[in-house]
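Undergrad: coords please:
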Amino acid sequence: MNWPLDPSSNRSLQKMPQYIVILSMLYVVTFIFPIMMAYRMVQLGPFLTPGGTLIFPASYFFGDIIAEVYGYKVARQLLWSALICQMFLSIVVVAVLKTPYPTYWQQEPAFELVLGNALRYAIASSIGNFFGEFCNIYLISKFKILLSGKYFWMRSLGSTLVGEAVLTSVVFFITFHGLASGKHMALLIVSGYLYKMAFAVIAVVPASLAVAFLKKKEGVDVFDYDTNFNPFKFNLDFDK
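TA: Residues are numbered from 1 along each chain as shown. Next up, the predicted model:
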């Protein structure tokens, strides 16, 4: 696998960049953690949101960094990998809950209450993430070309603004449809979205610092001039 150094150079790295593995692992964690806390409500001042939402906005933090430094193709593959991991975990959780348990075990209702809808949430999240996260990495990559790689903070906030609106509406609607009233669901969507945008505003400074650090240390700054933005491609062939 060859990693391009910059859009004007024919040189390439012959080894995997040293920080991509830890970034990928943290990115996947932001997808699988919400499964455990999807139905645990959290009240933070004016914000009412599912517990999983507390950490999930970090997926946009890492997604923006990965797309900005390593390019859309890497971000696309990691997004599909995260979605697969999320679905796999939810299937395993539900499968374990369906296995027999001893008669003296008294905590089964608690596990069913907390994790019984894990697959439902994973399906909702996968649908929402497909549209929201792909919208995010597409916009940040396209805007990077239009603005010649400048104003990462503005591109990050702009792409998150659109991506989170799509994701939050889809995920919350599917997750809580039939479990919450329309008014309560609307409150969750608005509160969740506002919380995520507040997170994005706070996180854009460390994200900008991380981008500058990674570009310098890795020697990588990919511009997606000739990239096929088809979200269903799953390869890292930089010649296509």
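Undergrad: identify the residues contacting the residue nearest the centre of the chain.
TA: In the chain, the residue lying closest to the centroid (Cα atoms, centre = their mean) is Ser59, at 3.4 Å. Going by Cβ atoms under 8 Å, 6 or more residues apart in numbering, Ser59 touches Tyr27, Thr30, Phe31, Ala82, Asn129, Glu133. In short, each C-beta sits where N, CA and C put it, glycine included.
Undergrad: what's around the second one, how many residues?
TA: Applying other Cβ atoms under 10 Å, we find 20 other residues in the vicinity of Thr30.
Undergrad: per-residue confidence for the residue nearest to the centre of the chain?
TA: On pLDDT, Ser59 comes in at 90.
Undergrad: the one 4 residues further on too?
TA: The predicted local confidence for Gly63 comes out at a pLDDT of 93.
Undergrad: just give me the neighbour total for Thr20.
TA: If you look again at residue 20, you'll see it is Ile, not Thr. Neighbour count for Ile20, taken as other Cβ under 10 Å: 18.
Undergrad: phi and psi next, for the closest residue to it other than its chain neighbours.
TA: Once flanking residues are discounted, Ile20 sits nearest to Tyr70: 6.5 Å by Cβ to Cβ, 6 or more residues apart in numbering. With angles defined as degrees, to the nearest 10, Tyr70 sits at phi -100, psi -10.
Undergrad: what's the separation between Tyr70 and Ser159?
TA: Taking Cβ to Cβ, to the nearest Å as the measure, Tyr70 falls 16 Å from Ser159.
Undergrad: now the strands for this protein?
TA: 3-4, 12-13, 41-44, 47-50 (DSSP state E).
Undergrad: and the last one, what's its mean pLDDT?
TA: The average of the pLDDT scores along strand 47-50 is 74.
Undergrad: buried set for it?
TA: Phe47, Leu48, Thr49, Pro50 (16 or more other Cβ atoms under 10 Å).
Undergrad: that one pairs with which strands?
TA: Applying DSSP bridges to the sheet, strand 47-50 is found paired with strand 41-44 (antiparallel).
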